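*Asks:* When you get a sec, could you give me coordinates for this:
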Amino acid sequence: MDAKTMGRLPLPLTLAATKQPDDAVDIILETVRTHFDMQVAYLSEIVDGQSIFRAVSAPGFEALVSPGTTMPLSEVYCQHILDGVLPNLITDTSQHPVAVAMPITQSVPIGSHMSLPVYREDGKVYGMFCCLRTTPHPSLGERDMAVMETFAGLAGRQINDGLRRRAEIADINARLDRALEKDGFRVVLQPVVDLETLQPIKFEALSRFGDGRPPQIWFEEARQVGRQVELEVAAVEKALALLGRFPDDMAIGFNASPQTIASGALIEAIRHVPPERLVVEITEHDVAEDFDELAIALEALRRAGIRTAADDVGAGFSGLIALLRMQPDILKLDIELVRDINQNLAKQALVLGMVDFARKTGAVTTAEGVETEEECAALRRLKVDFGQGYLFARPMDVEDTLTWMGDRRQR
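*Replies:* Residues are numbered from 1 along each chain as shown. Here you go, the predicted model:
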């Protein structure tokens with residue numbers, strides 16, 4: 001395996017996208033190499049007549065072979081073993097004329113070699129699970145090959161897990177590509193009303209996708225494949241495109257993750273919009289996960305005059321700490337706090353405390369998920385400022401929203 005003859009191919013998603021510290025395949029290869037007293041162990045993939053080394057354990061031989069190294073199948077043992085021309089176990093390559101005739105045997109050199117195919121779930125060969133050393137190894141036998149077969153099976157399971165993940169990632173990316181086309185998804189609007197006057201003060205933009213799955217699943221999948229910022233910015237831009245159809249005193253709120261805010265893409269997307277017409281909402285969970293990154297981004301929003309809202313307040317145990325650190329302009333009380341609040345004294349006490357906290361920090365409160373007149377009346381008694389929920393209106397397309405707003409403002 002003359003290093004000068006080797007090219008390089010990038011690792012595909014098969015292993016590269018799923019690799020983690022102490023990857024199981026690396027551990028398997030290291031175990032095999034030391035157990036059989038070999039110098040090199042590797043897992044290769046067969047692609048278009050090439051043998052591509054996907055994982056390697058070869059201390060001292062790194063210059064010779066490493067992950068990504070590729071060689072033509074005609075120059076390595078793999079195809080000959082699959083064709084039955086060479087055996088799976090070669091204790092002494094000098095005893096096999098086909099091996100002797102191959103340049104790789106002398107250039108490495110290869111004195112002994114063990115190899116087994118690794119199969120995909122559909123029964124097709126993925127590649128080879130191999131180990132070798134530069135000198136003969138006469139003590140190896142069929143019992144060792146049985147052990148080798150066990151390890152190859154373990155590696156195969158890891159590979160097939162990776163292949164399944166690759167297929168999942170491909171499916172997610174294909175769905176995102178379709179969604180990011182011009183009409184691939186739509187934005188609906190749900191009003192937020194003043195609880196005293198019941199007049200709208202802003203609208204929250206919510207994404208709706210063609211397959212009917214909840215939007216949070218779409219955004220989570222986008223995060224998994226590194227496209228969260230792309231999808232969130234597209235949703236924001238689609239929402240902002242509707243803003244011109246509303247009076248200048250009407251604001252629009254939208255969700256954004258700390259990653260999207262910190263990326264700079266959000267500021268770029270909203271820079272042409274008057275800041276008083278925008279509210280950026282961040283969930284409590286996101287705030288608690290990565291506050292250091294978020295704090296810098298929030299400061300940039302404040303300097304630009306854009307209001308921020310802490311969404312789902314009360315949904316988790318870290319909420320109070322998150323609120324203290326975030327210092328939002330708006331506290332959006334989680335739907336679970338609002339549900340049946342008129343019948344639950346404990347919820348009323350919690351909301352009363354949050355209202356007091358908001359006022360002492362210069363913030364206002366919005367109750368999410370208001371569905372009954374009784375809940376609305378209780379929230380009004382507790383001095384919650386604003387409300388959002390089915391009692392007032394369900395999320396609507398822009399035309400229905402404009403009609404609803406016109407009817408509401410005539411009351």
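*Asks:* Check which residues of stretch 354-374 are buried.
*Replies:* 354-355, 357-358, 363-370, 372 (16 or more other Cβ atoms under 10 Å). All C-beta atoms are positioned from the backbone trio N, CA, C, and that covers glycine.
*Asks:* for stretch 96-109, that is, sorry about that
*Replies:* By neighbour count on 16+ other Cβ under 10 Å, the buried set for stretch 96-109 is 96, 99, 102, 104-105, 108.
*Asks:* Among those residues, which lie within strands?
*Replies:* Using DSSP state E to define strands, no part of those is located there.
*Asks:* just curious, which of the residues you listed is nearest to Leu176?
*Replies:* Ile104 (43.4 Å; Cβ to Cβ).
*Asks:* close enough to count as contact, the closest one and Ile110?
*Replies:* Yes. Look at Ile104 against Ile110 with Cβ atoms under 8 Å: they come within range, at 6.6 Å.
*Asks:* one step back: would JSON lines of the buried residues of stretch 96-109 with pLDDT and distance to Glu237 be doable?
*Replies:* What follows is those, written out as JSON lines (pLDDT from 0 to 100; distance: Cβ to Cβ, whole Å):
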{"residue": "His96", "pLDDT": "97", "distance to Glu237": "65"}
{"residue": "Ala99", "pLDDT": "97", "distance to Glu237": "62"}
{"residue": "Met102", "pLDDT": "96", "distance to Glu237": "59"}
{"residue": "Ile104", "pLDDT": "95", "distance to Glu237": "55"}
{"residue": "Thr105", "pLDDT": "96", "distance to Glu237": "60"}
{"residue": "Val108", "pLDDT": "92", "distance to Glu237": "56"}
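*Asks:* So in this protein, where's the weakest helix or strand by average pLDDT?
*Replies:* Taking mean pLDDT, DSSP states H and E as the measure, strand 7-8 is the helix or strand of the chain with the lowest mean score, a mean of 32.
*Asks:* Can you flag which of the buried residues of stretch 96-109 belong to helices?
*Replies:* With DSSP state H as the criterion, helices contain 99, 104-105 from among these.
*Asks:* pLDDT weak spots in the stretch 151-300 of the chain?
*Replies:* For the stretch 151-300 of the chain, the stretches flagged by pLDDT under 70 are 283-290.
*Asks:* cutoff 90 now
*Replies:* By pLDDT under 90, the low-scoring segments of the stretch 151-300 of the chain are 158-167, 170, 181-184, 210-212, 249, 257-264, 267-268, 271, 282-300.
*Asks:* Strands of that one, residue ranges please.
*Replies:* Using DSSP state E, counting those that start in this stretch, the strands of the stretch 151-300 of the chain run over 185-194, 200-209, 251-255, 278-283.
*Asks:* could you dump those to CSV with mean neighbour count and distance to Ile267?
*Replies:* What follows is the strands of the stretch 151-300 of the chain, written out as CSV (neighbours: other Cβ atoms under 10 Å; distance: least, Cβ to Cβ, whole Å):
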stretch, mean neighbour count, distance to Ile267
strand 185-194, 20, 20
strand 200-209, 21, 17
strand 251-255, 23, 14
strand 278-283, 23, 10
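*Asks:* which residues touch the residue nearest the centre of the chain?
*Replies:* The C-alpha lying nearest the average C-alpha coordinate of the chain belongs to Gln224 (Cα atoms, centre = their mean; 1.2 Å). Contacts for Gln224 (Cβ atoms under 8 Å, 6 or more residues apart in numbering) come out as 169, 172.
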